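Participant: Give me coordinates for this.
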Amino acid sequence: MPTAVVNFAPTPGSVELRDVVIPEITADDVLLEVSHVGVCGSDLHQWSGDHSWPVMYPVILGHEFSGTIARVGDNVHDWKIGDRVVSETAAVISSDNPMTRRGLYNLDPTRKGFGYGVDGAMTSFVRVPARIVHHLPAGLPFDQACLTEPCCVAYSATVKNARIEPGDRVAVLGPGTIGILCAAIARLCGAEVAVVGLPCDAKRLEVAKHYGCETIVDDPKVWAFARDGLGCDGVIDAAGVSATLMVAMDIVRPAGWISKVGWGRQPLGFSLDPLVQKNVTLQGSFSHNWPIWERVIALLASGALDVRPIIGGVWPLQQWHEAFTQMHHGAVVKSVLSPAMI
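Facilitator: Numbers count the residues shown, from 1 in each chain. Predicted coordinates:
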């Protein structure tokens, strides 16, 4: 009987390893045998009980995963057993929702994702709708491919929901997985990038240097205003607290932009007047869709986007607590679990 990392209640620490059954699939699904699954900041928030989204307890965690197809549903004709794949996160959507009809099913209000709305991939097998499965190029290893999902989050925030031009100065607030990947993609767009963190982020800021980024501890004002005294062209707010939006408004130049991808459940507690006075565009960024996945997979396969520097280690599923703790305390940027490891 397979085991799984299960979030069973909203109280802090309510995660444990449990025996589970192999899920049944419908005619439109595939059963995916999980090779690797990344630990996301949202998994950590559900573990610590300070998340701000509804969770269907008990639920198996994990929405960043890669693996091979072990079974196909009767209506599935484009996939076969043994195919190497990655999967998107929109496990449940409404085909009739206006956002879905536009191809923006990530913004369907009825959407449910792996790891909070339906069982996720921190286990040996996961049921996946065939509509969200993508081919994995042969040269892309599973342990790197499982990070396609956070790369897609970063691509959406940096390319689709920002307006970077070569030579722009872009500040990224928060040196977590998403922040560093946003910085890496901004560099691919031709921007000068500084990643901003706190003294406790020293190890993660060192990782950001692998992508050609400057790193700043605490106050980014000197860097932001160094060019002409007006501020940086854009800010990507990838921090997990609300207060960083005030920092973003302070350092962005007039007519600049802020792309907010980090979640923060705290009330703002400050005025948005600088946003108005400086005529700044504030853009939220959530999730991703099919074309973003195809583009990111191509970037990963070509080596243009290299996720190896952010992977701090691969742990067996049984050592999930160690993997969570290492990431929670900032010792590593990204922890990866492998159900196949003993």
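Participant: in this structure, what spans have low per-residue confidence?
Facilitator: Along the chain, segments meeting pLDDT under 70 span 342.
Participant: domains for it, by residue range?
Facilitator: If you go by automatic domain parsing, the domain ranges for the chain are 3-147+307-338, 152-284.
Participant: Mind putting those into JSON lines with distance to residue 290?
Facilitator: Every residue, glycine included, has its C-beta placed from N, CA and C. What follows is the domains of the chain, written out as JSON lines (distance: least, CB to CB, whole Å):
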{"stretch": "domain 3-147+307-338", "distance to residue 290": "7"}
{"stretch": "domain 152-284", "distance to residue 290": "10"}
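Participant: among these, which is nearest residue 291?
Facilitator: For residue 291, the closest of the domains of the chain is domain 3-147+307-338, at 7.9 Å, according to CB to CB.
Participant: So residue 218 is in contact with residue 202, correct?
Facilitator: No. Applying CB atoms under 8 Å, one finds residue 218 not in contact with residue 202, separated by 11.8 Å.
Participant: These two: who's more crowded?
Facilitator: Comparing residue 218 with residue 202 by other CB atoms under 10 Å, the one with more neighbours is residue 202, at 13 against 10.
Participant: residues touching that one, list them.
Facilitator: residue 217 (CB atoms under 8 Å, 6 or more residues apart in numbering).
Participant: From residue 214, how far off is it?
Facilitator: Using CB to CB, to the nearest Å, residue 202 is found at 15 Å from residue 214.
Participant: same thing with residue 137?
Facilitator: Taken as CB to CB, the span from residue 137 to residue 214 is 32 Å.
Participant: what about these two, which has more around it?
Facilitator: Of the pair residue 137 and residue 214, residue 214 is the one with more neighbours under other CB under 10 Å, namely 17 against 12.
Participant: where does the closest residue to that one other than its chain neighbours fall, helix, sheet strand or coil?
Facilitator: Using CB to CB, 6 or more residues apart in numbering and skipping the chain neighbours, the partner closest in space to residue 214 is residue 194 (4.3 Å). Following DSSP: H, G, I helix; E, B strand; the rest coil, residue 194 is assigned to strand.
Participant: Does residue 194 touch residue 220 like I think?
Facilitator: Yes. Look at residue 194 against residue 220 with CB under 8 Å: they come within range, at 6.3 Å.
Participant: what's the overlap in contacts for those two?
Facilitator: What both residue 194 and residue 220 touch, as defined by CB under 8 Å, 6+ apart, is the set residue 171.
Participant: what sits up against the helix or strand hosting residue 246?
Facilitator: When elements are assigned from DSSP states H and E, residue 246 belongs to helix 244-251. When contacts are defined by CB under 8 Å, 6+ apart, helix 244-251 is touched by residues 171, 173-174, 196, 220-221, 224-225, 231-232, 235, 237, 258, 260, 262, 264, 268, 270, 272, 274-275, 278, 280.
Participant: Just the buried ones from the residues you listed?
Facilitator: Buried members of those, scored by 16 or more other CB atoms under 10 Å, are 171, 173-174, 196, 220, 224, 231-232, 235, 237, 258, 260, 262, 264, 275, 278, 280.
Participant: Buried residues in stretch 5-22, which are they?
Facilitator: 5, 6, 7, 14, 15, 17, 20, 22.
Participant: how far does that stretch stretch from start to finish?
Facilitator: Length of stretch 5-22, first residue to last, CA to CA, to the nearest Å: 14 Å.
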